[in-house]
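>>> Mind folding the following:
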Amino acid sequence: MHNTVQIICASEKDRTILRGIFKNLGADAVFSLDLNDALAVFEKTRPAAVFAADGEEPPAEIQLRELKRVAPFIPVVPLLKRRDAERAVGLMKAGALDCAHAPWTEEELRPLYRKALSLSGTSLDLDTTALRARRRSLALTLAAFFAFTGFAGGFYYASVKLGVKPASPDRFALPYAHPTGLVVRKDSVLVSDWYSQALYEHDMRTFMIRRVTSLPETTPVAMASSPDALWLAGAGGVIEKRLPDARYTVVSKTAAFSPAPDSACFDGLYFWTADSRTGAIVKRMASDALPALKTFKYPGQKLSALTCDKRFLWAADPGLKALVKMSLDDPERIISRTELPEYASKTLNLTALASAGGRIWFAGDDNGRGLVFRKNEPK
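Numbering: from 1, shown residues only. Have a look, this model is predicted:
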C-alpha cells in the first residue's frame, strides 16, 4: 500500500506531535511548512493523502478551494485545533474527506489515516512544468494553493470531474463517519450524521454531496419522512417535524420520549419508532405529537436499525447477521430473514435503513468509516 502522506504544518510543536503519531501509524510522512514549500515536495513525492493544520496561513478553506480546482481526487484531512462541528461540516462541504479535532492523538487520526489510504487509487501523471509555474505564482502573489494531480479517491469528485464510476454502483463511502438516518427521495438520498450535527443531501447516481444543512441545536439519531415533512429524532428523545424547505424549518416538537428512539419511519398511515437498546418498537398516530398506539417487542436477537414501507417492517439484526422482515399487523412475528454478507466484517455497525423502489438502503460505519449500500428487496 502506498502510505506516503503530506503534512502541512508550520508549528514546530505541532510537527513534533504529528511526527510521532504518523510514525506509530506506519505512515511515510513528509512535512512542509506551507503550501509553497509543499509544491517542491510534490515534484518528487506523490502523496496518497494530505493532512493540513488549520489555524495557520493560508486558511484551510483556501487550501481546499484551490485543491478542488486543480486536483480534485486526493483525500485531504484538515487538522482542526479546536472542536467546531459547524466548521468541520463547512470544510467537508468544500471538499475535505473528514476533519480531525484537537487534541490530535493516535486514536483520533488512525481511522482517518486508514480511510484516506483506502480512498487512494490510480495515480495520474504529474505535470512538473505546471507545478513550477504554480510555485512561481505562489511566490509572487502569496496565493495559497496546490498544483498537482492526485490520486483518484473521492468517488463523487471522480464521477463529476472525469465520469469515473464507483467500484460498486450499490456501495458508497461517506466523507463522515456517524450516519444515523436515511431518507431516499426521487433523485437524491438524505443522510443525517450525529457527530457533525448535519444533514447531507447526496446525488442518487454519483452520491456527490449536493447540500449540507447544519443542525447546531439538534443531535440527530433517527430520521423519517412523510409527504409534507421531514421528521428528526434528537438524542434527548424529542422528535421534530420540519418543513421540506431549504432550511428544514422546525414547525413542531413532540414531548421527550423515553426511551429515546433511534429509528423512525412512516408506513403511509402510521409512524413507527424503535429503540435498539431495549428492542421496543412503537406504533404511533401520525399527528404532530406522535402519540403511542401500541408497543411491540422485537422478535429477533438484536435490533440495530428499523424502517418500513406500506407492506412491511424491516430490521437490521447483527445477532442474526441478517435483514429481518416483519408484518405491519404483527411485528412480533418474523416473516423472513435474509443473510447480509456485509456482517462478515466484525466492525460493521448498521445504524439506519430505508425502503424505496424495491430496494433496501443501509447506512452505518465500518472501522471508523461511514458507508451506504443498497440491495434488492428480498423476495
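
>>> Which residue comes closest to residue 184 once chain neighbours are left out?
residue 356 (3.8 Å; C-beta to C-beta, 6 or more residues apart in numbering). Where you see a C-beta, it was placed from the backbone N, CA and C, and this is true even at glycine.

>>> So what's the residue count around the one you found?
Residues within reach of residue 356, counting by other C-beta atoms under 10 Å, total 17.

>>> so where's this protein uncertain?
Along the chain, the model assigns pLDDT under 70 to residues 1-2, 35-45, 65-72, 120-168.

>>> secondary structure class for the residue most central in space within it?
The geometric centre of the chain, computed from its C-alpha atoms, lies nearest to residue 176 (C-alpha atoms, centre = their mean), at 2.8 Å. For residue 176, the assignment made with DSSP: H, G, I helix; E, B strand; the rest coil gives coil.

>>> ok, it - contacts?
Going by C-beta atoms under 8 Å, 6 or more residues apart in numbering, residue 176 touches 92, 98, 193, 195-196, 198, 200, 370.

>>> Go ahead and confirm residue 212 touches residue 93.
Yes - under the criterion of C-beta atoms under 8 Å, residue 212 makes contact with residue 93 at 4.5 Å.

>>> if I look at residue 255, how far off is residue 282?
13 Å (C-beta to C-beta, to the nearest Å).

>>> okay, the two: which has more neighbours?
Set side by side, residue 255 and residue 282 show more neighbours around residue 282, with 22 against 11, by other C-beta under 10 Å.

>>> what's the span of stretch 95-105, first residue to last?
Counting by C-alpha to C-alpha, to the nearest Å, you get 23 Å between the two ends of stretch 95-105.

>>> Find the nearest non-adjacent residue to residue 265, please.
Per C-beta to C-beta, 6+ apart, closest to residue 265 is residue 308, 4.2 Å.

>>> For beta bridges, what are the partners of the one you found?
Beta bridges link residue 308 to residue 313, judged by DSSP bridges.

>>> Now for it: which residues touch it?
265-267, 272, 314, 328, 355.

>>> about what we covered before: among the contacts of residue 176, which are in helices?
In helices, judged by DSSP state H, the following of the contacts of residue 176 are found: residue 92.

>>> Looking at the contacts of residue 176, spot the one nearest residue 223.
Set against residue 223, the nearest of those by C-beta to C-beta is residue 193 (10.4 Å).

>>> burial count for residue 237?
Residue 237: 18 surrounding residues under other C-beta under 10 Å.

>>> And residue 292, by the same measure?
With neighbours defined by other C-beta under 10 Å, the count for residue 292 comes to 13.

>>> Dig out what it forms beta bridges with.
With DSSP bridges as the criterion, residue 292 is bridged to residue 284.

>>> who's in contact with it?
Counting by C-beta under 8 Å, 6+ apart, residue 292 makes contact with 282-284.

>>> Just name the closest of those to residue 25, please.
Residue 25 lies nearest to residue 282 out of those, by C-beta to C-beta, at 44.1 Å.

>>> can you pull the contacts of that closest one?
261, 272-274, 292-296.

>>> Please list only the buried members of these.
Buried by 16 or more other C-beta atoms under 10 Å: 261, 272-274, 296, out of those.

>>> Tell me where the chain has helices.
For the chain, applying DSSP H gives helices covering 12-24, 35-42, 60-70, 85-94, 106-118, 128-141, 155-161.

>>> Compute the number of surrounding residues for residue 211.
By the criterion of other C-beta under 10 Å, residue 211 has 12 neighbours.

>>> and it, what is it in contact with?
Per C-beta under 8 Å, 6+ apart, neighbours of residue 211: 200-201.

>>> Who does it form a beta bridge with?
Applying DSSP bridges to residue 211, the residues it is bridged with are residue 201.

>>> Kindly report the same for residue 52.
Beta-bridge partners of residue 52, as defined by DSSP bridges: residue 8, residue 78.
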